[in-house]
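A.B. asks: sequence first, predicted coordinates after that:
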Amino acid sequence: MPGWVNFVVAGLLTGAVYGLMALGLSVIFGVVRVVNFAHGEMMMLAMYGVILLQRWAGFDPLVSAPVVAAALFALGYALQRGLLNRFISRPEHEQFILMLGVAALLTSSMLMVFGPDAASIDTSYALDSYALGSLILDKVRVFAASGAILCMALLWAFFRLSRTGKAIRACADNPVGAAVAGLDVNRFYATAFGIGAACVAAAGTFLLLLVDVQPYLGADYTLLSFVIVIIGGLGSMPGALLGGVLVGVSEGLAAYFVAPSLKSLFSYGLLILVLLVRPQGLMGRRA
Amino acid sequence: MKRTIDRRRFGMGAMAAGAVIAAPAIVRAQAARLRIGNLLPTSGFEALTGQFCQGGIDLAKTMVKDMGYDFEVIDADTESKPETARTQAEKLIRDGCHILLGAFDSGQTLAIAQVCEQNGIPFVADIAADPAITNQGFKFVFRNFPTAVMLGNNGLALFAELFKVTHTAPKTAVLMHVNDTFGEAMVKGIDGYDQKVGLPFKIVENIGYSPQTNDLSAEVAKAKAANADLLVVVHRLNDIILMVREMVKQRYQPMGIISPGSPGMQFKQFFKSLGKYANYCITNQPWMDPKQPLAGRVQEAYEKAHPDQNMTLEIGFTFEGVLICADAAKRAGSTKPQALVEALRATHITNRVMLGGAISFDEHGQNVNLPSAATENLNGKPMVILPEANANAKPVFPMPGWSERG
């Protein structure tokens, strides 16, 4: 088997987790029309939550995923209801500054509580892998990708099949019409923001199986989420998954064929290419 | 009654005022005690190693005083950033430090060296390998640590010796290295060695990475794909833990993991994080001299104070750094910068911790008496395997496979 196959598979698995992370951003923007500049910081907060759950209760990160997702849902819901709803009709730059403020607040708070050093989790399967011939599959990467794909499937089902999901989509498509029909738009906005936060919390839990967390981690992942949703199409659920996978695979191939330290160059190159050729993203709708 | 100030009254008043103004300065001059400003990265991505180095400084605060020296140490955190190292060095000088000491990282050490040179304050680099620290003609900078070229040459010379005693002959190697100031300086040293003497193996792949990375899966996969016999590493602590984890996960099994001189694989944190997988990693580095009574006393005191840590070169060099500063001030009989610099130039300390001759500095401020030993992690501890005259264990090479470690 050619050597690059391992890189492509690893990229696919990591890309699925990236996809879930970016999906949170996409849901929030798609419904509330607010760009969440604190997205990576919310993920970092969830990662610390997972570490605390392991230290205090001995929880495996995969068990912690629904707990931190629920906690971040509550935080996202409260943030939208208590703060962001007041900014919905304000100019976009004010929304950006507000979310950047939230990001700085989260980073500083985590810095005060946990200090600047990297923290990691310890699992019994951290060093295990599956071997399929010469193809080596990192066990934690397989778990992380499976968890991410499961979350995305649940989210798809929620938006397609549940009454609340359909109501949120109605609010996203036509907020005035939804309000006229009697829907509490602000409440559904808050629910959507909560769902986006829960997505990024789950993604953070899975990502923590692969990387260590430190308070400054957020900004890099906020940027990566933007790259993915712009490639996939802002507001598109399948686009987020496609963008995540494309970024993961392109980084893997760049690492193999060029140099591992230049892998980010290729994801940004892909971003520029998409912006030139299809500015609305691969699966986005033209405005 | 009208009072006038005549010449006599004015003279007496001026003398009294002068005495009042001068008194604190006189007292200060009489009580001048050496203030050492110690800079280390005790937070940020190098925090684990920085805090570890601080252990050597803390030990010296009492042990060096017990050796008859008088001084105080003011600690400062560089936050693992050269720009913070610079501002902290300026602050320590403003706070009245007579001499600065530090700083583990070459980039941060260079920043401090520039501040000291600008302010005319002596600086002793206790751990930092970039040759630029002592080859720029600085007048106030001294280093008691090998340059990257010395580290590389000494370390690489031990490779051939290892292969000879273990009757092995790896033909190819992958070089994985951090791309910070230290890592790049080491790579230059290795390249230079390669051209001059010739390594006993060919480097088929050279993979650099950021020391702040939190994922080395692609780098390790690339190294594995090169299918070389040996993995040569120039690393820090966090990244080497990540690297070995990835190697185990990806079942990448070279004949050995050998560093020509880097911090990390000898630390207790490395053993704690990796357990049985920490064994058989080899680092060629300056090491403690078991024949020096001071080395034994420092090791005993350190392991008593830190039962969860190993005594390593970081403790030895930071301890010696304080000793060098205190010794210079004692011989100078002054804390004035120029007197301290003159005393530092004349340093000759035979009662030391690390392997090598007496601590002394050449015309560039560099201590050239700093040979390396090869240490291998065996049964959860770094043991000296080479040179054979100083060895306390036999080398195990090639290393056993990941799945053969019970």
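C.D. replies: Thanks, I have it. Numbers count the residues shown, from 1 in each chain, chains lettered A, B, ... in the order given.

A.B. asks: where does pLDDT dip in the chain?
C.D. replies: Going with chain A. Chain A contains residues with pLDDT under 70 at A:1, A:286-287.

A.B. asks: if you could check chain B rather than the one you did, that'd help
C.D. replies: Chain B contains residues with pLDDT under 70 at B:1-31, B:194-198, B:406.

A.B. asks: mind telling me what element the nearest residue to residue B:314 once chain neighbours are set aside is part of?
C.D. replies: Among residues not flanking residue B:314 along the chain, residue B:53 sits closest, at 4.8 Å (Cβ to Cβ, 6 or more residues apart in numbering or on different chains). Placement of C-beta: from N, CA and C, glycine included. Using DSSP states H and E, residue B:53 sits within helix B:47-66.

A.B. asks: distance of residue B:126 from chain A?
C.D. replies: Distance of residue B:126 to chain A, given as Cβ to the nearest Cβ, to the nearest Å: 22 Å.

A.B. asks: how many neighbouring residues does the closest residue to that residue other than its chain neighbours have?
C.D. replies: The shortest distance from residue B:126 to any non-neighbouring residue, by Cβ to Cβ, 6+ apart, is to residue B:321 (3.1 Å). By the criterion of other Cβ atoms under 10 Å in any protein chain shown, residue B:321 has 27 neighbours.

A.B. asks: now the helix or strand that the helix holding residue B:53 is followed by: how far from the chain's centre is it?
C.D. replies: Later in the chain than helix B:47-66, the nearest helix or strand by DSSP H and E is strand B:71-77. Chain-centre distance of strand B:71-77: 17 Å, with Cα atoms, centre = their mean, to the nearest Å.

A.B. asks: using the three-state scheme, assign the residue positioned nearest the centre of chain B.
C.D. replies: For chain B, the residue nearest the mean C-alpha position is residue B:127 (2.1 Å; Cα atoms, centre = their mean). Here residue B:127 takes the coil state, with states given by DSSP: H, G, I helix; E, B strand; the rest coil.

A.B. asks: which ones are touching it?
C.D. replies: B:53, B:103-104, B:109, B:145, B:263, B:314, B:317-318, B:321 (Cβ atoms under 8 Å, 6 or more residues apart in numbering or on different chains).

A.B. asks: go again with 6 Å.
C.D. replies: Applying Cβ atoms under 6 Å, 6 or more residues apart in numbering or on different chains to residue B:127 gives the contacts B:104, B:145, B:317.

A.B. asks: how distant is the helix or strand where residue B:343 lies from the center of its chain?
C.D. replies: Element membership for residue B:343, per DSSP H and E: helix B:337-345. For helix B:337-345, the separation from the chain centroid amounts to 22 Å (computed by Cα atoms, centre = their mean).

A.B. asks: list the buried residues of it.
C.D. replies: Neighbour-count burial for helix B:337-345 flags B:337, B:339-341, B:343-344 (criterion: 16 or more other Cβ atoms under 10 Å in any protein chain shown).

A.B. asks: circling back: restricted to helices, list the contacts of residue B:127.
C.D. replies: Mapping these onto helices (DSSP state H) picks out residue B:317.

A.B. asks: okay, the contacts of residue B:127 in TSV with neighbour count and distance to chain A next?
C.D. replies: Shown next, in TSV, are these (neighbours: other Cβ atoms under 10 Å in any protein chain shown; distance: Cβ to the nearest Cβ, whole Å):
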residue	neighbour count	distance to chain A
B:104	30	15
B:145	26	24
B:317	23	23
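
A.B. asks: just the residues contacting stretch B:280-298, thanks.
C.D. replies: B:155, B:158, B:257-261, B:265-266, B:313, B:316, B:319, B:351, B:353-355, B:370, B:372-377, B:396, B:399.

A.B. asks: may I have that stretch as PDB, with CA atoms only?
C.D. replies: This file holds the C-alpha atoms of stretch B:280-298, laid out as PDB (Å, rounded to 0.1, in the frame of the first residue of the first chain):
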ATOM      1  CA  TYR B 280      15.900   2.800  26.000                       C
ATOM      2  CA  CYS B 281      15.800   6.400  24.800                       C
ATOM      3  CA  ILE B 282      19.400   7.700  24.600                       C
ATOM      4  CA  THR B 283      20.600  11.300  25.100                       C
ATOM      5  CA  ASN B 284      24.200  12.300  24.700                       C
ATOM      6  CA  GLN B 285      24.700  15.300  26.900                       C
ATOM      7  CA  PRO B 286      26.900  17.000  29.600                       C
ATOM      8  CA  TRP B 287      26.300  15.100  32.800                       C
ATOM      9  CA  MET B 288      27.100  15.200  36.500                       C
ATOM     10  CA  ASP B 289      30.600  14.100  37.500                       C
ATOM     11  CA  PRO B 290      30.200  11.200  40.000                       C
ATOM     12  CA  LYS B 291      33.800  11.800  41.200                       C
ATOM     13  CA  GLN B 292      33.000  15.300  42.400                       C
ATOM     14  CA  PRO B 293      31.900  15.300  46.100                       C
ATOM     15  CA  LEU B 294      29.800  18.400  45.400                       C
ATOM     16  CA  ALA B 295      27.900  16.500  42.700                       C
ATOM     17  CA  GLY B 296      27.000  13.800  45.200                       C
ATOM     18  CA  ARG B 297      25.900  16.400  47.800                       C
ATOM     19  CA  VAL B 298      23.700  18.300  45.300                       C
END
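
A.B. asks: and it, how far from the chain's centre?
C.D. replies: 14 Å.

A.B. asks: how many neighbours does whichever residue of the stretch 201-350 of chain B sits closest to chain A have?
C.D. replies: Closest contact between the stretch 201-350 of chain B and chain A, by Cβ to the nearest Cβ, is at residue B:218 (3.4 Å). Neighbourhood size, residue B:218 [other Cβ under 10 Å]: 27.

A.B. asks: next up, the contacts around the residue nearest to residue B:126.
C.D. replies: Contact analysis of residue B:321 by Cβ under 6 Å, 6+ apart lists B:101, B:124, B:126.
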